[in-house]
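Chemist: model the following, please.
(chains A and B)
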Protein chains: 2
Amino acid sequence: MEPALPVFSQAEVSKHGSLEAGVWVTFRGGVYDIGEFVAMHPGGTRSCWRREGPWSPSGRLCELEMDPEDQARQRAVEPSDPYSGDPQRHPVLRVNSAKPFNAEPPPSLLGDSYITPSAIFFKRNHLPVPRVDPASYRLRVEGLPRPLSLSLADLKGRFPKHTVTATLQCAGNRRSEMNAVKQVKGLNWGIAAIGNATWSGALLRDVLREGGWGPEAAAVAGGGARHVQFEGLDADASGTTYGASIPLNKALSEEGDVLLAYQMNGEDLPADHGYPLRVVVPGTVGARNVKWLGKVIVSREESASHWQQNDYKGFSPGTDWDTVDFKSAPAIQELPVQSAITQPADGAVLERDADGEVTVRGYAWSGGGREVVRVDVSLDGGKTWQVARLREGDGEGEEQGEAPPPPPPPGRAWAWKLWEVGAPLPPGEQQVEIVCKAVDNSYNMQPDSVAPIWNLRGVLSNAWHRVRVTVRED
Amino acid sequence: MEPALPVFSQAEVSKHGSLEAGVWVTFRGGVYDIGEFVAMHPGGTRSCWRREGPWSPSGRLCELEMDPEDQARQRAVEPSDPYSGDPQRHPVLRVNSAKPFNAEPPPSLLGDSYITPSAIFFKRNHLPVPRVDPASYRLRVEGLPRPLSLSLADLKGRFPKHTVTATLQCAGNRRSEMNAVKQVKGLNWGIAAIGNATWSGALLRDVLREGGWGPEAAAVAGGGARHVQFEGLDADASGTTYGASIPLNKALSEEGDVLLAYQMNGEDLPADHGYPLRVVVPGTVGARNVKWLGKVIVSREESASHWQQNDYKGFSPGTDWDTVDFKSAPAIQELPVQSAITQPADGAVLERDADGEVTVRGYAWSGGGREVVRVDVSLDGGKTWQVARLREGDGEGEEQGEAPPPPPPPGRAWAWKLWEVGAPLPPGEQQVEIVCKAVDNSYNMQPDSVAPIWNLRGVLSNAWHRVRVTVRED
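Modeler: Residues are numbered from 1 along each chain as shown, chains lettered A, B, ... in the order given. Predicted coordinates:
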C-alpha cells in the first residue's frame, strides 16, 4: 500500500511559485515540489531531470494529491463550453488568453532548467483541447502510393523510436516588446513563449517511406509534391481544424529529425501538448508543430489553412492592415536567431555578489538547426560587450569537471543553450541597462532595435533583449 | 580572314569605365565594350549575357585587340617577382592590394548585371596566381576507400556536368565600414567584394562517390570523417599552399550543389578565378571556394591551414588581439543575410525623375541557400521603410511581361537578388540618408549598426547599408 498523501487546494498551489515558497508543479492530478532542486543545483532542475527522469516520483520528489474538489470545479463550470474539456494547468503560468488557453512560465523559472518541465512549458492553443481516445485513435497518412491508417500501437511498434531534444518557440514570443512600440494584433507574449524538451516518437520520414514515399518516388511518382500538410483534431464550432504544412524536403531529409511524437520529456504527451500525437519539426516555428495530429498529407501545395496562408508571416514595418498582402510573404518556417535575459527581471533591484559582480542569465537559440556560438552581454545599453559562458547540453558532468558533450552535428542544433555571465560593475548605486544578443553559426546576429522589425502581427520579435535594473550601493 | 581589329593601349582602356565614356572590359587579350548594353537595357547587361552567352563576340559586342606592348610590359617587369605570372586585370577594378591581387568593381557596374562579368568579378587572391598546365594537371582525391587522380578530361568526361548560378562573397566585404568605426586588420573592401556567376563542373558529391564514399560508407568505413579539405596550388615562398575545408555533410548532400568547377559564365575559369579547377561551395563564404584546386581530402579534422584555423572567424566587439582565442570561434561557413545599395553612390548629387522620385538599386543575398524574401528601403535614415521590388532571376522575360522563373527549391537559393525602388521625396534641396536592409526566408534580419558587430578582423560586416546623398532642387 502506498502511504496516503496530503491534499492541497489550487489556492494553496498558487502560493508556491518562487524559490522562497517552493516551486509547486501540478501534473496529472499530482502536485510536485521542485523547489528543493532549483535551490540545490546551480544549474537548476537540469541534473534532477536527467538523473531521475522527469516527473518520476521518488524520495526526493514529493508527490502530493490535488484537491478533487478543485479538479471538479475546474472541469464542470460550463458543460456547454467547448473549453470545458481543457486540462488543468499550473497556476504559476502567466495566462495570455484563457479560451483558447495561452500561457507562459515566469522567465526566472524557464531559465533555470535546460529541459523545460512539461507543466510549465508554454501553452499555445488555437482552439479547445480535443479529447482523444487512444484506443480508437488513428493517424491517416495521405498523398502516398500506399495511404496509411496507423494506430498508436502501430506508431510505437512498427517504427524505430527516435528521441530529439528540441526547442519550440512561438512566432509571437516577445511580442509585448513590439506592442510597446506600436500596438499589434496578437497575444501579448513576454519572453517565455519558448521551451526546450525531449520528444520521442516515430520519424515522419520513416512513416512516409512506409507509405511508399522517398527521394526516388518523389521524383518519379510525385510529380511536384513539395509540401507535407498536417491537420489537427482540434476544431472550431464549424468543424474547421487547425492546420499547417512544412516543405517536403525537411520531412524527407535524413538530417531533418521531424518526429511524430508521442512522448514529451519521457512521458505520454500532456493534453495541452497534443496527446496522443503531435508533429515536432525541429528548428521550425511552433505553429508548424501541429498537436493532436489527425492527418498527414503529402501535397503539391502548402496547407490552405488560415494559419498557413493568412497568419504567421512577416512584413515590413511600413505595411498596415489596409495594405497587407499575405500572398507576398512566405509562411514562417525556420526562425531567426534569438536570445533573452531570464535573470535579472526588468525593474529588479540587485546587489553585487562577493566579487562585485551581478549575474546575468538567459537563453539563446536559432532556427534551422543553426547552433548558437556566442552570446554578447552589455551592462551599458550596448556600448561595450562581454562574452557569456554557454552552458553546453544539460550541463550534466559540468559540475564534476567532465568534458562537455560533443557538439551537435552540423545543421542539427535543435536545442537552445542557456548562458550566464558574472558582470563586474563599478561601486555605487546605479541604473543599469543590461542587453544581450546571440550569434549563430551562420553568424546571423539579432537586430539592435524593435521598431525597424515591427510588423502588424507582432511576430519574429528578436531584437536585442534589454532589461533595466537598479544596482544597490554595497 | 577576320578583319583586322584596332589596337588599344592600357591607358586608353582605363579611360572607359563609365556609361558616358563606354564601359570597356579586357578579356583574354581582347577589349570588349559593354557600354552599349548597359545603356540599352534598364536591367543592364543581364539580358545580353543571357541571350548571347557571356563574352561571345558578336555584331553587337565590339571585339578589339589590346596593345601587345602593354601586355608585355605588365608581364615582364620583374621576372624574379613571384607575381610576375599574374594575369592582366581590367583597369576599372579598384585595387585593394596589388600583390597578392585583391580588387573589386565599381558598385554601379556591379549592381547593373544579374550575372557579374568574370572580368569585373571581385578578385581575392592570398598568394601569386599559379600557372597550371592543363595537359598535365591532376586533381588528387584522398581519404577515400579508392583514392583518385583525375585529369581535366576525366572530370569533364566521367561525371555529369552540373551548372549552378551562385553568389560568392568575401568574408571581408564591406570591411571599410568597420574601419570607419575603429581600425581593423585586413583589406579595406567596399561593398563590391561579392559577385554572382554561373559555375559549371562536376559535383563534388559524384567524385566522392566515385572514390567509394557515400552516406553508408561514411558511417561504416569513415569512422568519424566529418570534413572535406581543399588544397590550392597557390603557394608562398616556403611552399605552403592555400587551404580550407567544409563540413562533409554539405559536400555529400544531394541539395548541397558543391562543384568542382571548370567553367565560369560559360567559359574556362579565368586565371584569377582558379584555372583550371576550383571548388564552388554555394551559400558558403568565398574563402572555402578554393581556387587552383590541387587536392581534396576527406578527413576527421578541419583543414589545419592558417585560413581555416586562425583567420575567417567572427568575434565579439570586446575581443582584441591580446585576448583573442581563435579556437573559441567556429570557422565561417554560411554567411549571414546581406544587402547593399549600388546606386546612388555615397555623396552623390541627385535629381528626381519625372515622378518626383529617386531610384535606389542594390543587391541582397543570404548564405546557406536561404532566399532573400524582402528588402526594406528607408529615405529617412531608418525611421520609415518601403518595400523594394525584387528582380527575380536574371529578369529575362520580365521586360516582355512573361511570368518570372519559379523560385529556387527550399534551401538552395544560391544566387543573389537585385532590387530597386522608386522612392518619392518632398520637393526642395535636401540631404537624404538612404538605408537598406534585407530579410531572408528564415526571417533573419541585418543588424542596425556596425559598432556592435565590429570585430578585430573586420569580417561579417552586414549592418544596414547607408548612403548619404544630396537631392537637388527641381
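
Chemist: now residue A:355: closest residue in space, sequence neighbours ignored.
Modeler: Once flanking residues are discounted, residue A:355 sits nearest to residue A:422: 6.5 Å by CB to CB, 6 or more residues apart in numbering or on different chains. Backbone N, C-alpha and C define where each C-beta goes, glycine included.

Chemist: just the element for that neighbour, please.
Modeler: strand A:417-424 (DSSP states H and E).

Chemist: where does pLDDT dip in the stretch 351-474 of chain A?
Modeler: Across the stretch 351-474 of chain A, residues meeting the criterion (pLDDT under 70) sit at A:392-405, A:474.

Chemist: tell me which parts of it are close to chain B?
Modeler: When proximity is defined by CB under 8 Å from any CB of the partner chain, the stretch 351-474 of chain A lies next to chain B at A:367-368, A:370, A:373-374, A:376, A:382, A:384-387, A:409-411, A:437, A:439, A:441-449, A:452-453, A:460, A:462.

Chemist: what is the least confident helix or strand in chain A?
Modeler: Least confident element among the helices and strands of chain A, by mean pLDDT, DSSP states H and E: helix A:46-52 (a mean of 29).

Chemist: re the thing from before, just the ones of the residues of the stretch 351-474 of chain A next to chain B in strands?
Modeler: Secondary structure assignment (DSSP state E) places A:373-374, A:376, A:386-387, A:437, A:439 from these within strands.

Chemist: which residues of the stretch 151-300 of chain A lie near chain B?
Modeler: A:215, A:247, A:249-250, A:254-255.

Chemist: try 6 Å
Modeler: Taking CB under 6 Å from any CB of the partner chain as the test, the list of the stretch 151-300 of chain A residues beside chain B reads A:247, A:249.

Chemist: strands of the stretch 151-300 of chain A, start to end?
Modeler: Here the stretch 151-300 of chain A has its strands, by DSSP state E, counting those that start in this stretch, at A:162-169, A:194-203, A:227-235, A:241-247, A:259-264, A:267-268, A:278-280, A:293-299.

Chemist: can you list the buried residues in the first one?
Modeler: Taking 16 or more other CB atoms under 10 Å in any protein chain shown as the neighbour-count basis, strand A:162-169 is seen to contain the buried residues A:162, A:164-169.

Chemist: not counting sequence-adjacent ones, nearest residue to residue A:185?
Modeler: residue A:457 (6.0 Å).

Chemist: quick check: that neighbour vs residue B:165, distance?
Modeler: 33 Å (CB to CB, to the nearest Å).

Chemist: could you do residue A:415 as well?
Modeler: Taking CB to CB as the measure, residue A:415 falls 35 Å from residue B:165.

Chemist: can you check residue A:446 too?
Modeler: Taken as CB to CB, the spacing of residue A:446 relative to residue B:165 amounts to 30 Å.

Chemist: swap in residue A:339?
Modeler: Look at residue A:339 and residue B:165: by CB to CB, they are 35 Å apart.

Chemist: tell me how many other residues crowd the residue nearest to residue A:295 when sequence neighbours are not counted.
Modeler: With CB to CB, 6+ apart as the criterion, residue A:295 has its nearest non-adjacent residue at 4.1 Å, and that residue is residue A:231. When neighbours are defined as other CB atoms under 10 Å in any protein chain shown, residue A:231 has 22 of them.

Chemist: which secondary structure element contains residue A:90?
Modeler: Short version: residue A:90 belongs to no helix or strand, going by DSSP H and E.

Chemist: near residue A:135, how many other residues are there?
Modeler: For residue A:135, the neighbour count with other CB under 10 Å is 9.

Chemist: wasn't it part of a helix?
Modeler: No. Remark: residue A:135 does not belong to a helix; assigned using DSSP: H, G, I helix; E, B strand; the rest coil, it is coil.

Chemist: and it, how far from residue A:276?
Modeler: Applying CB to CB, one obtains 10 Å for the distance of residue A:135 from residue A:276.

Chemist: how about residue A:194?
Modeler: Following CB to CB, the distance that separates residue A:194 from residue A:276 is 24 Å.

Chemist: got the contact list for residue A:85?
Modeler: The contact partners of residue A:85, by CB atoms under 6 Å, 6 or more residues apart in numbering or on different chains, come to residue A:131.

Chemist: hang on, residue A:118 packs against residue A:264?
Modeler: Yes. With contact defined as CB atoms under 6 Å, residue A:118 reaches residue A:264; the gap is 5.3 Å.

Chemist: ok, the closest residue to chain B within the stretch 51-200 of chain A - how many residues close by?
Modeler: Nearest to chain B in the stretch 51-200 of chain A, going by CB to the nearest CB, is residue A:171, at a distance of 9.2 Å. The tally of other residues near residue A:171 (other CB under 10 Å) stands at 26.

Chemist: can you tell me the closest non-neighbouring residue to it?
Modeler: For residue A:171, the nearest residue in space outside its immediate sequence neighbours is residue A:459; the separation is 4.2 Å by CB to CB, 6+ apart.

Chemist: wait, that neighbour touches residue A:169, no?
Modeler: No. The pair residue A:459 and residue A:169 does not pass the contact test of CB under 6 Å, sitting 10.7 Å apart.

Chemist: tell me how chain A divides into domains.
Modeler: When chain A is parsed into structural domains using automatic domain parsing, the resulting residue ranges are A:1-77, A:139-328, A:338-471.

Chemist: got those domains as CSV, with distance to residue B:282 columns?
Modeler: What follows is these, written out as CSV (distance: least, CB to CB, whole Å):
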stretch, distance to residue B:282
domain A:1-77, 39
domain A:139-328, 16
domain A:338-471, 14
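
Chemist: and of those, who's closest to residue B:206?
Modeler: domain A:139-328 (15.9 Å; CB to CB).

Chemist: quick one: distance of the closest one to the chain centre.
Modeler: Using CA atoms, centre = their mean, to the nearest Å, the distance from the centre of domain A:139-328 to the centre of the chain it belongs to is 13 Å.

Chemist: measure that domain end to end?
Modeler: Using CA to CA, to the nearest Å, the span of domain A:139-328 from its first residue to its last is 33 Å.

Chemist: tell me which residues touch residue A:163, please.
Modeler: Taking CB under 6 Å, 6+ apart as the definition of contact, the neighbours of residue A:163 are A:198, A:200.

Chemist: try it again with 8 Å
Modeler: Listed by CB atoms under 8 Å, 6 or more residues apart in numbering or on different chains, the contact partners of residue A:163 are A:198-200, A:263.

Chemist: do you know how far residue A:375 is from residue B:92?
Modeler: Distance, residue A:375 to residue B:92, using CB to CB: 43 Å.

Chemist: neighbour-wise, which of those two wins?
Modeler: Using other CB under 10 Å as the criterion, residue A:375 and residue B:92 rank with residue A:375 on top: 28 against 20.

Chemist: for the more buried one, which non-adjacent residue is closest in space?
Modeler: Excluding the flanking residues, the one nearest residue A:375 by CB to CB, 6+ apart is residue A:388, at 4.2 Å.

Chemist: the one you found is in contact with residue A:372, isn't it?
Modeler: No. Under the criterion of CB atoms under 8 Å, residue A:388 makes no contact with residue A:372, lying 10.2 Å away.
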